[in-house]
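Curious how this folds, go ahead:
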Amino acid sequence: MAHTLASAAHHELVIKKSRFIARVAPVADRAAAQAIVADLRAQHPGAAHVCWALLAGGQSAAVDDGEPSGTAGRPMLEVLRHQDLDGVLATVVRYFGGVKLGAGGLVRAYTDAVAQALLGADKRPLQRVQHLACCVPYALEGLVRRELDAAGATLLGVDHASLVTLRFCLPESAAATLQQRLNESGQGRLGWLNTAD
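Numbering: from 1, shown residues only. Next comes the predicted model:
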């Protein structure tokens with residue numbers, strides 16, 4: 001089962017006078033990851049490199065940021081894959097210490113920095129969420145709200161017009177059971193809406 005992180009975690013390594021400041025954090029997508037990387041560049045204007053790796057909802061990235069090709073981003077990405085993570089951004093800010101580490105040394109440094117940061121991270125099982133929406137007569141709104149609450153669904157919005165439209169999300173594993181319960185208790189008076197983007 002894939003995992004994500006509950007919050008960001010950090011670790012710093014010093015190897016032959018070079019500082020490697022690693023950070024692993026939960027992230028939704030590539031755009032959010034790029035915003036974090038841009039913020040790190042602003043926070044560390046004297047850094048030689050800001051390398052990063054991303055695994056988030058089918059999106060992946062491995063950026064060496066000027067290090068020799070394949071010595072930073074790819075090893076960091078492999079650490080994320082090896083630990084079966086998703087929705088996670090790994091970054092390493094490097095301050096060059098004047099001593100070249102060679103390709104093997106760089107791979108080890110970036111791999112170790114991310115792996116050490118992940119040791120201190122709070123990992124959580126990744127739950128896939130399903131978004132649903134239904135329309136009901138006003139008389140059934142209370143019943144639907146109680147069913148949603150009992151199923152652990154999160155109510156995202158309610159619109160009151162000629163019918164009541166309820167938008168909600170819940171773990172994918174519980175969606176089919178909830179839909180069946182609502183269909184039975186609604187006795188044909190509940191309609192499902194297409195929630196595809």
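
Every contact and neighbour count from this point should use C-alpha atoms.
Noted.

Extract the CA atoms of stretch 183-190 and return them as PDB.
Output of stretch 183-190 as PDB, limited to C-alpha atoms (Å, rounded to 0.1, in the frame of the first residue of the first chain):
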ATOM      1  CA  ASN A 183     -30.300   4.100  -3.100                       C
ATOM      2  CA  GLU A 184     -32.200   1.700  -0.800                       C
ATOM      3  CA  SER A 185     -33.200   4.300   1.800                       C
ATOM      4  CA  GLY A 186     -34.000   6.900  -0.900                       C
ATOM      5  CA  GLN A 187     -36.500   4.400  -2.500                       C
ATOM      6  CA  GLY A 188     -35.900   5.700  -6.000                       C
ATOM      7  CA  ARG A 189     -36.200   9.400  -5.000                       C
ATOM      8  CA  LEU A 190     -32.400  10.000  -5.000                       C
END
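
Show the average pLDDT along that stretch.
Stretch 183-190 shows a mean pLDDT of 88.

And the next helix or strand past the longest helix seen in the chain?
In the chain, taking DSSP state H as the definition, the longest helix is helix 102-119. With elements assigned by DSSP states H and E, the helix or strand that comes after helix 102-119 is strand 123-125.

Kindly state the domain boundaries assigned to this protein.
As assigned by automatic domain parsing, the chain contains the domains 3-125, 129-192.

Check these for me and report the most buried one.
Of all those, domain 3-125 has the most neighbours on average by mean count of other Cα atoms under 10 Å, namely a mean of 19.

Any idea how far that domain is from the middle of the chain?
Put simply, domain 3-125 sits 15 Å off its chain's centre (Cα atoms, centre = their mean, to the nearest Å).

Quick one: list the elements packing against the longest helix of the chain.
Secondary-structure packing of helix 102-119 (3 or more Cα pairs under 8 Å, 6 or more residues apart in numbering; DSSP states H and E): strand 9-15, strand 18-26, helix 73-82, strand 88-95.

Dump these to a markdown table, plus distance to S162 and mean pLDDT.
Formatted as a markdown table, the helices and strands packed on helix 102-119 follow (distance: least, Cα to Cα, whole Å; pLDDT from 0 to 100):
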| stretch | distance to S162 | mean pLDDT |
| --- | --- | --- |
| strand 9-15 | 49 | 93 |
| strand 18-26 | 41 | 93 |
| helix 73-82 | 49 | 93 |
| strand 88-95 | 43 | 94 |
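
Minimum distance to P45: which of those has it?
strand 88-95 (10.1 Å; Cα to Cα).

the inter-axis angle of the closest one versus strand 9-15?
Here strand 88-95 runs at an angle of 30 degrees relative to strand 9-15 (axes from the mean of the first three to the mean of the last three Cα atoms, to 10 degrees).
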